[in-house]
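Asks: sequence and computational prediction follow.
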Amino acid sequence: MFFGFKIRTSKTQRVTHFFPEFKEVLEPFRVGRKAIRNELERVKQILHDPRWKAGQAVLEPLVGREAFIGLIHTREGLFHFSPARSVMATDPNQELEKLFGHYVERSFAEKREQVEAHMTNQLRLTLQERKLTGHFEARVFENEFVRVRLPFVQTRQRGVLDSETSLVARERDAQRPKGGIRPLNLDLKDTQRIVEKVDAWQKRLSRWQDIKDRPEQVLLVSRLPASGKKRDFANEVLTELDEIPGLLVAQEETPIVVKFAEHFFT
């Protein structure tokens with residue numbers, strides 16, 4: 001019989017993204033997570049104790065099953081488990097690692113997220129070269145219907161030179177941000193995924209129109225398939241975003257990004 005588990009105990013960001021109200025009360029979550037881990041470890045030690053197995057080998061599968069059902073049983077509280085499912089595996093430890101990687105570490109999305117992370121770094125380097133990085137910061141805009149994170153949101157007016165002190169004065173713009181920038185990777189495996197991603201962003205940006213402090217303009221810097229029908233298709237689908245107020249869509253070209261970023265400070 002096999003009984004194993006894996007729990008991520010080092011991060012809470014995914015929880016707070018789903019439940020923003022947890023940001024101020026994370027301690028109960030951490031305490032509950034630790035209690036579940038301790039209970040899982042206790043059951044694992046009992047079921048894998050060779051002294052226990054030697055005397056109760058016949059009862060082991062039944063006891064293990066009852067212990068597992070007791071752990072995931074639906075009850076009132078902070079943590080809830082999905083229904084149990086089965087899988088055939090020759091190596092249970094390897095299968096556990098595989099499932100943890102898919103559902104918790106989200107290995108299926110790793111490449112996609114790495115592409116947009118790389119695009120964000122490239123945008124940051126572009127802004128640094130023009131000494132504009134200090135005028136932008138990452139921000140999240142959300143209401144009860146939608147949540148949008150922009151890695152670059154305009155936060156400062158370009159400084160003006162004081163003739164008496166020869167100092168450059170900069171002050172935070174307390175009003176609504178003038179602009180934001182975000183990468184959008186559409187260099188995807190097939191046209192269906194391109195459509196799904198554009199549709200998702202169309203709905204998201206349509207619903208965020210009611211957020212009062214959102215940027216007046218947003219530039220989506222898109223990476224398209226290198227060539228062929230998929231590239232033509234991606235360009236065509238992107239035109240569906242043209243009707244969203246304040247949204248600009250451009251391909252991944254440095255001059256366009258620089259022109260957009262600099263025009264807020266001229």
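Replies: Yep, it's here.

Asks: would you map the strands across the stretch 101-250 of the chain?
Replies: Here the stretch 101-250 of the chain has its strands, by DSSP state E, counting those that start in this stretch, at 136-142, 147-154, 160-161, 168-169, 179-185, 217-223, 247-251.

Asks: could I get those as TSV with mean pLDDT?
Replies: Shown next, in TSV, are the strands of the stretch 101-250 of the chain (pLDDT from 0 to 100):
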stretch	mean pLDDT
strand 136-142	91
strand 147-154	92
strand 160-161	40
strand 168-169	40
strand 179-185	92
strand 217-223	91
strand 247-251	87
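
Asks: using CSV, lay out those strands together with mean neighbour count and distance to residue 25.
Replies: The C-beta positions use only the backbone N, C-alpha and C, and glycine is treated the same way. Formatted as CSV, those follow (neighbours: other C-beta atoms under 10 Å; distance: least, C-beta to C-beta, whole Å):
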stretch, mean neighbour count, distance to residue 25
strand 136-142, 16, 18
strand 147-154, 21, 19
strand 160-161, 10, 44
strand 168-169, 10, 40
strand 179-185, 22, 30
strand 217-223, 22, 32
strand 247-251, 16, 36
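
Asks: the ones you listed: which one's closest to residue 8?
Replies: Each of these has some distance to residue 8 by C-beta to C-beta; the shortest is strand 147-154, at 21.0 Å.

Asks: under the pLDDT cut-off, which ranges of this protein? List them.
Replies: Within the chain, the segments meeting pLDDT under 70 span 1, 11, 13-14, 17-21, 51-61, 64, 105-113, 156-174, 265-266.

Asks: go again using 50 as the cut-off
Replies: Residue ranges of the chain with pLDDT under 50: 57-58, 110, 158-173.

Asks: any chance of CSV for the strands of the stretch 101-250 of the chain, columns distance to residue 101?
Replies: CSV is the format used below for these (distance: least, C-beta to C-beta, whole Å):
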stretch, distance to residue 101
strand 136-142, 27
strand 147-154, 24
strand 160-161, 52
strand 168-169, 49
strand 179-185, 22
strand 217-223, 26
strand 247-251, 33
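
Asks: out of those, the one nearest residue 50 is which?
Replies: strand 147-154 (50.0 Å).

Asks: helices along the stretch 101-250 of the chain, start to end?
Replies: Secondary structure of the stretch 101-250 of the chain (DSSP state H, counting those that start in this stretch): helices located at 110-129, 191-207, 228-238.

Asks: in CSV: these, plus mean neighbour count and distance to residue 185.
Replies: Below are the helices of the stretch 101-250 of the chain laid out as CSV (neighbours: other C-beta under 10 Å; distance: least, C-beta to C-beta, whole Å):
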stretch, mean neighbour count, distance to residue 185
helix 110-129, 14, 5
helix 191-207, 15, 8
helix 228-238, 15, 10
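
Asks: could you dump the ones you listed into JSON lines and include distance to residue 35?
Replies: JSON lines is the format used below for these (distance: least, C-beta to C-beta, whole Å):
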{"stretch": "helix 110-129", "distance to residue 35": "31"}
{"stretch": "helix 191-207", "distance to residue 35": "36"}
{"stretch": "helix 228-238", "distance to residue 35": "48"}
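
Asks: distance from the chain centre to the longest helix seen in the chain, please.
Replies: Longest helix in the chain, counting residues (DSSP state H): helix 26-47. Centroid separation for helix 26-47 versus its chain: 26 Å, with C-alpha atoms, centre = their mean, to the nearest Å.

Asks: other SSEs contacting it?
Replies: Where contact means 3 or more C-beta pairs under 8 Å, 6 or more residues apart in numbering; DSSP states H and E, helix 26-47 is packed against helix 60-72.

Asks: and the helix it packs on, what does it pack onto?
Replies: helix 26-47.

Asks: picking that back up, quick one: closest of the strands of the stretch 101-250 of the chain to residue 198.
Replies: The nearest among these, by C-beta to C-beta, is strand 179-185 at 8.5 Å.
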